[in-house]
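Colleague: Give the three-dimensional model of this entry:
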Amino acid sequence: MRALLCLLIALLAGCASRVSLDLPDDVPLQGDYQIGAGDVVNINVWRNPEVSLSVPVRPDGKITTPLVEDLQAAGKTPTELARDIEKALSKYIQQPMVTVIVTSFVGPYTQQIRVIGQAARPQALPYRQGMSLMDVLIAVGGITDFAAGNKANIIRVVEGKRQTVPVRLQDLLRNGDISANVAVLPGDILVIPEGWF
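Modeller: As a prediction, this is how the structure comes out:
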């Protein structure tokens, strides 16, 4: 019985190793997180609670806080934004120490995955390193009953040219075909069409 169990485990391990969900080699690793429009940042000014607060990043990429108006936040790391706020506050507060914590993530548009069409909850998602199609589908709640899942496409821009990558959502979700799980990249748009009955 033990030999059979060992053989079964070895076979399962062998099957699992054949499916690779790694990103292609030419995809750069993500650096520090960049703040994007729609993010919410928590600004803490040490020993100054009256100017410490949580604010959303506006669609124009700027934030406004007490004593600091229209400061560019989008495209900066939390640390860069903290230094900019310190500089702006130094006119009013002696040696301010600022910490910025991103509490709601959207990220810049170039780092988002957008899902449109027949997803249960179409939305834009922040890209995370190593993200796969299955991760995206989990985040959007899967596909609707009206989706033509195997006719879905990922629209991707590579070296300035738009490419269409066909994906098989129906096979992945309903049939458990793990070979249909592909890596997604920052800026991808997943289009899920409606099926005709």
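Colleague: Spit out the contact partners of the residue nearest in space to the middle of the chain.
Modeller: In the chain, the centroid-proximal residue (CA atoms, centre = their mean) is residue 126; its distance is 1.8 Å. Contacts for residue 126 were tallied using CB atoms under 8 Å, 6 or more residues apart in numbering; they are 36, 105-107, 111-113. For glycine as for every other residue, the C-beta is placed from the backbone atoms N, C-alpha and C.
Colleague: Kindly report the same for residue 89.
Modeller: 45, 51, 67-68, 96, 98.
Colleague: Could you do residue 148 as well?
Modeller: 118, 170, 192-196.
Colleague: just the buried members of those?
Modeller: Listed as buried from those are 118, 170, 192, 195; burial here means 16 or more other CB atoms under 10 Å.
Colleague: hang on, the second one packs against residue 144?
Modeller: No: counting by CB atoms under 8 Å, residue 170 stays clear of residue 144, with 11.8 Å between them.
Colleague: before we move on, back to that, who wins for neighbours among the contacts of residue 89?
Modeller: residue 98 (25 neighbours; other CB atoms under 10 Å).
Colleague: Show me which pair in the contacts of residue 89 is furthest apart.
Modeller: Greatest spatial distance among these (CB to CB): 67 and 98, at 11.6 Å.
Colleague: tell me what the helix or strand hosting residue 102 is packed against?
Modeller: For residue 102, the host element (DSSP states H and E) is strand 98-104. Contact partners of strand 98-104 among helices and strands, from 3 or more CB pairs under 8 Å, 6 or more residues apart in numbering; DSSP states H and E: strand 40-45, helix 78-89.
Colleague: Run the angle between the last one and strand 40-45 for me.
Modeller: What it means is helix 78-89. Taking axes from the mean of the first three to the mean of the last three CA atoms, to 10 degrees, one finds helix 78-89 and strand 40-45 inclined to each other by 50 degrees.
Colleague: Now do the buried residues in helix 78-89.
Modeller: In helix 78-89, counting by 16+ other CB under 10 Å, buried: 78, 80-82, 84-86, 88-89.
Colleague: any idea which of the residues you listed is the one closest to residue 133?
Modeller: residue 78 (29.2 Å).
Colleague: tell me, how many neighbours does the nearest residue in space to the closest one that is not next to it in sequence end up with?
Modeller: In this structure, residue 78 finds its nearest non-sequential neighbour in residue 100, 4.2 Å apart by CB to CB, 6 or more residues apart in numbering. Close neighbours of residue 100, defined as other CB under 10 Å, add up to 21.
Colleague: so residue 100 touches residue 39, yeah?
Modeller: No: using CB under 8 Å, residue 100 is not in contact with residue 39; the gap is 10.3 Å.
Colleague: so what sits against both of those two?
Modeller: With CB under 8 Å, 6+ apart, residue 100 and residue 39 have no common neighbours.
Colleague: Stretch 161-168: which residues count as buried?
Modeller: Result for stretch 161-168 [16+ other CB under 10 Å]: buried residues 167-168.
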